[in-house]
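Colleague: please find the sequence and the predicted model below.
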Amino acid sequence: MSQSGVYARRSAVYLLDQVLGEGRLLPELIGAGALEQLQPEDRARAQRLATETLRGLERADRILQKHLKKNPPMTVRNVLRVATVELCSGGAAHGVVNDAVELVSRNKGTASMKGLVNAVLRKVAATGPEEWKKLRVPHLPKWLRKPLVQAYGPEAVAAMEAAHFAGAPLDLTAKGDRGALHRSLGGDFLPTGTVRLESAGQVSTLPGFKRGSWWVQDAAASLPVQVLAPKEGEKILDLCAAPGGKTLQIAASGAEVTSVDDSELRMARVYENLKRTGLKSECIVGDVMEQTGEWDAILLDAPCSATGTIRRHPDLPHAKDGSEFGALIELQAVMLDHALSLLKPGGRLVFCTCSLLPDEGECQVEDVLERHEGLTVDRDALNLDGIDPAWITEEGGLRLRPDYWADKGGMDGFYMACLRKG
């Protein structure tokens, strides 16, 4: 039996227990050191197993329910889920089943269920892979699916769910020559300038990482700074800046950027990325509402539901229930009003959220235009390479969805608009 496999699977089950039982998010758990005790390869494997299980949770449960008279305790159920996803994805039955039985046996509270686990997984190994292929693409939970269907219709939501289930490739933004990055790493050169790799392996071992020639950033997340169009010498404020991809883009333009985030832990990622790439920004750990001064341009990547990132973060719909939406929408409006007060006359502000919900995007811009006389939407800022005019919304913002570029691997859901102060 591979002890390495047991350790990775045990950690994957722990992550699932925390997400499904405690409502915690995977980045929070991993950032808090949940996988620190593992070797790098086991750490990556545990995270992959947890992510793939969350992505295929509905399918796993449908297969398991045929073999269970009642649901076992959560940890045992999560052992079964991880093993089912592995078995249905081509995992070797002997190793998967034996490790699952071992995990249950190690805990006095669940040791009596090792026979059940063994029997169920032997059946799954025999019939599960074929059943898996016939099951529908997993649906989003009702609390999220309902408002998305209202906004986009059932066909569009089904296409988004397919993108979520497929997962996300690795997108990279170049510090300098995008063509050189593409030539160095291969992959696809997306219309908006991002280099996309389908299978990258360990990111830190890729050519150019240590030299700081590029950083990881979804294609959709790279667009707000392109819309902002920073210029050399401009004073630009990046609000809610962590983990720093947009700060790096602004700094690479030659603008003088100040980055603000209220989390010291998240801001540490910004410092780390700036050091690796050799770019410069003044970094402030503080409250957005306490910032002062006059700025040529501002980027506000406001706190939001993050519902646009599910293809990379399948834990989100399982850890959340939508109860925080109202408070987030109010916070976005307050932050937006304050950020506008910091703009010089004639200055521009890009408001963006990685959300699929119109209340966190289109509706916010419609409302802020009513609250501020002389404020306009700069539609010309959206004239960028790779932007489909159909993505531009009625009020003049840019709506991106996971099902866009489906033939290229999709993109995160995002909304952005460029506002001009009169």
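Modeller: Arrived safely. Residues are numbered from 1 along each chain as shown.

Colleague: now do the buried residues in the strand ranked longest in the chain.
Modeller: Longest strand of the chain, by residue count under DSSP state E: strand 343-353. Residues 343, 347-353 are the ones in strand 343-353 that count as buried (16 or more other Cβ atoms under 10 Å). For the C-beta atoms, the positions are set from N, CA and C on the backbone; glycine is no exception.

Colleague: I'd like the average pLDDT over that strand.
Modeller: Strand 343-353 shows a mean pLDDT of 97.

Colleague: same question, stretch 249-265
Modeller: 97.

Colleague: what's the span of that stretch, first residue to last?
Modeller: With Cα to Cα, to the nearest Å as the measure, stretch 249-265 spans 21 Å from end to end.

Colleague: which residue would you name as the spatial centre of this structure?
Modeller: The centroid of the chain falls nearest to residue 309 when counting by Cα atoms, centre = their mean (3.5 Å).

Colleague: what is the nearest of the buried residues of strand 343-353 to residue 158?
Modeller: residue 353 (23.0 Å; Cβ to Cβ).

Colleague: contacts only, for the closest one.
Modeller: With contact taken as Cβ atoms under 8 Å, 6 or more residues apart in numbering, residue 353 is in contact with 301-302, 304, 308, 332, 360-361, 364, 414-415.

Colleague: same deal with residue 417?
Modeller: For residue 417, the contacting residues are 350-352, 361, 365, 377, 395-398, by Cβ under 8 Å, 6+ apart.

Colleague: following element in sequence after the longest strand of the chain, please.
Modeller: helix 362-371 (DSSP states H and E).

Colleague: pLDDT below threshold where in the stretch 1-150 of the chain?
Modeller: Applying pLDDT under 70 to the stretch 1-150 of the chain flags residues 1-4.

Colleague: please redo it, this time with the cut-off set to 90
Modeller: Counting by pLDDT under 90, the stretch 1-150 of the chain contains low-confidence residues at 1-5, 31-32, 40-41, 107.

Colleague: pretty sure residue 151 sits against residue 357.
Modeller: Yes: using Cβ atoms under 8 Å, residue 151 makes contact with residue 357 at a distance of 7.2 Å.

Colleague: of these two, who's got more company?
Modeller: Shown here are residue 151 and residue 357; by other Cβ atoms under 10 Å, residue 357 has more neighbours (23 against 16).

Colleague: what pLDDT does the more buried one get?
Modeller: On the pLDDT scale, residue 357 gets 98.

Colleague: over to residue 199?
Modeller: At residue 199, pLDDT is 77.

Colleague: looking at neighbours, which among the contacts of residue 353 is most surrounded?
Modeller: residue 361 (31 neighbours).

Colleague: need the residues that contact stretch 78-90.
Modeller: Under Cβ under 8 Å, 6+ apart, the answer for stretch 78-90 is 9, 12-13, 16-17, 20, 49-50, 52-53, 56-57, 59-61, 63-64, 72, 91, 93, 96-97, 99-100, 103-104, 117, 120-121, 124-125, 128-129, 131-132.

Colleague: which of the residues you listed are buried?
Modeller: With burial judged by 16+ other Cβ under 10 Å, the buried subset of the contacts of stretch 78-90 is 9, 12-13, 16-17, 20, 49-50, 52-53, 56-57, 59-61, 63-64, 72, 91, 93, 96-97, 99-100, 103-104, 117, 120-121, 124-125, 128-129, 132.

Colleague: among these, which ones are in helices?
Modeller: In helices, judged by DSSP state H, the following of those are found: 9, 12-13, 16, 49-50, 52-53, 57, 59-61, 63-64, 93, 96-97, 99-100, 103-104, 117, 120-121, 124-125, 128-129, 132.

Colleague: the residue nearest to the centre of the chain is in contact with residue 316, isn't it?
Modeller: Yes: in terms of Cβ under 8 Å, residue 309 counts as a neighbour of residue 316; the distance is 6.9 Å.

Colleague: coming back round to it: partners of the longest strand of the chain in the sheet?
Modeller: In the sheet, strand 343-353 lines up against strand 295-301 (parallel), strand 414-420 (antiparallel) (DSSP bridges).

Colleague: would you turn the ones you listed into CSV with distance to residue 209?
Modeller: Converted to CSV, the strands paired with strand 343-353 look like this (distance: least, Cβ to Cβ, whole Å):
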stretch, distance to residue 209
strand 295-301, 24
strand 414-420, 25
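
Colleague: for those strands, which one sits closest to residue 224?
Modeller: strand 414-420 (4.7 Å).

Colleague: how far is that closest one from where the chain is centred?
Modeller: Using Cα atoms, centre = their mean, to the nearest Å, the distance from the centre of strand 414-420 to the centre of the chain it belongs to is 20 Å.

Colleague: using CSV, write down the CA coordinates of that strand.
Modeller: Taking Å, rounded to 0.1, in the frame of the first residue of the first chain, the C-alpha atoms of strand 414-420 are listed here in CSV:
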residue,chain,number,x,y,z
PHE,A,414,-16.4,38.9,-14.6
TYR,A,415,-18.0,42.3,-14.9
MET,A,416,-16.2,45.6,-15.5
ALA,A,417,-17.1,49.2,-16.5
CYS,A,418,-15.0,52.3,-16.9
LEU,A,419,-16.5,55.4,-15.3
ARG,A,420,-15.4,58.9,-16.1
